[in-house]
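Enquirer: Kindly generate the corresponding structure for this input.
(one chain, ligands or ions: 1)
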Amino acid sequence: MKKRFGLLLALIAALVMLVVPVGNTTHAQAADNSLEKIQKKGVLVMGTSPDYPPYEFQATVNGKSTVVGMDVQIGKKVAKDLGVKLKIKSMSFDSLLVALQTGKIDMIISGMNPTPARRKNVAFTHTYYQGGYDIVINKTDKAKYKNKDSFSGGTLGAQTGTTQYNASKSQTKNTTVKGMTSQSDLILALQSHKLDGVAMEKPSAEAYVSNNKQLAAIPSDFNMSSSATSSAIAFRKGSTSLVNKVNKTVDQIKKENLVKKDYLPAAGKYLKTNTVNTSMTHYWKAFLTGIEYTLIITVCSVFFGFIIGILLALARMAKGNFFKNLLRWIATAYVEFIRGTPMMVQVMFVYFGLGLFVNLPALTSGIIAISLNSGAYVAEYIRGGINSVNIGQTEAARSLGMSNGETMRYVVLPQALKNIWPSLGNEFITLIKDSSIVSIIGVTELIYQSNIVRSDTYRGVAPIVVIMVLYFILTFTASRILNYFERKMQHD
Ligand code: ARG
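Expert: As a prediction, this is how the structure comes out:
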């Protein structure tokens, strides 16, 4: 017991050592060849959280859900001036800074304010737009709320990781502040009276209000420095040459007043057309893609998880010399560790953490994380299955002259598998549902698609009902199929 504990501690220590020094150094200092690097790569990956009209939002363009808005126009101009292609990666606002620091994206344009705290971790260009803060409320409450101070005793919502969230927390009294990752969810919560107001940038507040007759905007009266109310582009810390170059573009945008003259009116047009089609059937393609990815992740993870599970189970049952004991300890520590940490954390660790060494795409990261996780659980099923095979079977096989390995392969494992088939089936069904966690790293599975449809249509409940039904159809069909095979196995 003591030994095992020591090993576990060593494992954790090793993990921590692996992560801590790396987090501070990579991508940061080093000689500054940031400009050269982007131009050589030929693409500039822009990270953004498209729930913030007119800055960035989803709109249907030529039948396809696309990220549009003034920040996208700015990104396009920046890329054009650098002579590279622009690629847009959508994610939640509170993931943007990590994604930039770990190299998942090259820059952030997301209505982000260059606050001193953020400046410590990333480099900002000059500001391109001055916004200011408003609070969106239900129109029926107009008499009740005048500014931030009217919410005493009430609930104010703001997007997590934003300056509005911090301001709402620090500059109100007696007010409950609720953070949510998505701006569209905040608006839905407001409309269903879970919140009394939502703090956001003034232009965004105006966009939501003009798009929805039940809403109104009031001034926030937050006391903010001007850097906390204007937006800038963020790059990795130390990217001086890149920032200097992009500053020229930003300065030109400002000098020619491009945001007010071109970018905002263009965004406004999308905002109007955006309200047209909100029927769920219109989005069948998005849901279909979601199903496809959910199934890809589940099938791959069950397959790899099963292989990992067999190996782990065998390792956990190894006994004898030093090497075998070591193997057993490692396998045991692994299983304990995986089962003792949330899968969500593991997914983020693989995507962002391992991402410091190898740049894994989100889908691959998701499959790796879920396979590694599932492997630990499957190992336990398999171990139980092996233990359930009567020892007499092994003895008989051994006395017939079979080696240890042969006995395992031809006699024990086949019988064990038959015993654990129901548990493996359960694992498959569980993974269909749990694979939804990878939506947080931007894998386009069902949950992710439903979020896109929700922010596209501003409809909160319908997309949730749709995916609920879809998940049920998937799991129910899967369990019928598995039952069929189970019955068949019982017969032969
Ligand atoms: N301006 C605020 C900040 O920098 C919020 C920006 C939110 N942007 C978005 N795309 N949702 O914290």
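Enquirer: I'd like to know which elements the longest strand anywhere in the chain is packed against.
Expert: In the chain, assigned by DSSP state E, the strand with the most residues is strand 122-130. Using 3 or more CB pairs under 8 Å, 6 or more residues apart in numbering; DSSP states H and E, the elements in contact with strand 122-130 are helix 96-101, strand 230-236, helix 240-255. (C-beta placed from N, C-alpha, C; glycine too.)
Enquirer: Given that strand, what are its sheet partners and their directions?
Expert: strand 230-236 (antiparallel) (DSSP bridges).
Enquirer: Measure how the strand it pairs with sits relative to helix 240-255, angle-wise.
Expert: Counting by axes from the mean of the first three to the mean of the last three CA atoms, to 10 degrees, strand 230-236 lies at 160 degrees to helix 240-255.
Enquirer: Tell me which residues of strand 230-236 come out buried.
Expert: By neighbour count with 16 or more other CB atoms under 10 Å, strand 230-236 contains the buried residues 230-236.
Enquirer: out of these, who's nearest residue 167?
Expert: Proximity of the buried residues of strand 230-236 to residue 167 (CB to CB) peaks at residue 230, which lies at 14.6 Å.
Enquirer: Excluding covalently adjacent residues, which one is nearest to residue 301?
Expert: Nearest residue to residue 301, sequence neighbours excluded (CB to CB, 6 or more residues apart in numbering): residue 370, at 4.0 Å.
Enquirer: For the one you found, give me its contacts.
Expert: With contact set as CB atoms under 8 Å, 6 or more residues apart in numbering, residue 370 has these partners: 297, 301, 305, 343, 347, 431, 434-435, 437-438.
Enquirer: Within the helices and strands, which one has it?
Expert: Assigned by DSSP states H and E, residue 370 belongs to helix 362-388.
Enquirer: All the strands of the chain, residue numbers only.
Expert: Secondary structure of the chain, counting by DSSP E: strands at 43-48, 51-52, 56-61, 64-68, 85-90, 107-108, 122-130, 133-138, 155-159, 176-180, 197-201, 215-219, 230-236.
Enquirer: Tally up the residues packed near the nearest residue to residue 212 once chain neighbours are set aside, please.
Expert: Spatially, and ignoring its direct neighbours in sequence, residue 212 is nearest to residue 458 (7.0 Å; CB to CB, 6+ apart). The tally of other residues near residue 458 (other CB atoms under 10 Å) stands at 16.
Enquirer: Was I right to think residue 458 contacts residue 211?
Expert: Yes. Judged on CB atoms under 8 Å, residue 458 makes contact with residue 211 at a distance of 7.2 Å.
Enquirer: I'd assumed residue 435 was in contact with residue 475.
Expert: No. Residue 475 lies out of contact with residue 435 (CB under 8 Å); the separation is 11.5 Å.
Enquirer: Looking at those two, which one has more neighbours?
Expert: Higher neighbour count among residue 475 and residue 435: residue 435, with 29 against 15, using other CB under 10 Å.
Enquirer: and residue 256, how many residues sit next to it?
Expert: For residue 256, the count of nearby residues is 11 (other CB under 10 Å).
Enquirer: Please list all residues in contact with it.
Expert: So residue 256 contacts nothing (CB under 8 Å, 6+ apart).
Enquirer: if we can go back for a sec, I'd like the buried residues of strand 230-236 laid out as TSV, including distance to residue 291 and pLDDT.
Expert: TSV is the format used below for the buried residues of strand 230-236 (distance: CB to CB, whole Å; pLDDT from 0 to 100):
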residue	distance to residue 291	pLDDT
230	42	95
231	37	97
232	40	98
233	36	98
234	35	98
235	37	98
236	36	97
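Enquirer: Turn those into JSON lines, columns for distance to residue 481.
Expert: Output for the buried residues of strand 230-236, formatted as JSON lines (distance: CB to CB, whole Å):
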{"residue": "230", "distance to residue 481": "57"}
{"residue": "231", "distance to residue 481": "51"}
{"residue": "232", "distance to residue 481": "53"}
{"residue": "233", "distance to residue 481": "50"}
{"residue": "234", "distance to residue 481": "48"}
{"residue": "235", "distance to residue 481": "50"}
{"residue": "236", "distance to residue 481": "48"}
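Enquirer: near the ligand, from those residues?
Expert: Among the buried residues of strand 230-236, not one lies near the ligand by CB under 6 Å from any ligand atom.
Enquirer: Nearest to residue 183 among those residues?
Expert: Lowest distance from residue 183 to these (CB to CB) belongs to residue 231, with 14.9 Å.
Enquirer: who's in contact with that closest one?
Expert: Taking CB under 8 Å, 6+ apart, one finds 55, 71, 111-114, 127-129, 131, 201 in contact with residue 231.
Enquirer: quick one: least confident of those?
Expert: Within these, residue 131 has the lowest pLDDT, namely 90.
Enquirer: what about it, how many neighbours?
Expert: With other CB under 10 Å as criterion, residue 131 counts 19.
Enquirer: If the nearest residue to it once chain neighbours are set aside is in a bridge, with which residues?
Expert: Spatially, and ignoring its direct neighbours in sequence, residue 131 is nearest to residue 201 (4.0 Å; CB to CB, 6+ apart). Beta bridges link residue 201 to residue 133, judged by DSSP bridges.
Enquirer: now residue 201: how far from the ligand?
Expert: Distance, residue 201 to the ligand, using CB to the nearest ligand atom, to the nearest Å: 5 Å.
Enquirer: cool, residue 342 as well?
Expert: Taken as CB to the nearest ligand atom, the span from residue 342 to the ligand is 25 Å.
Enquirer: With residue 172 instead?
Expert: Residue 172 is 17 Å from the ligand, by CB to the nearest ligand atom.
Enquirer: Alright, that wraps it up for me.
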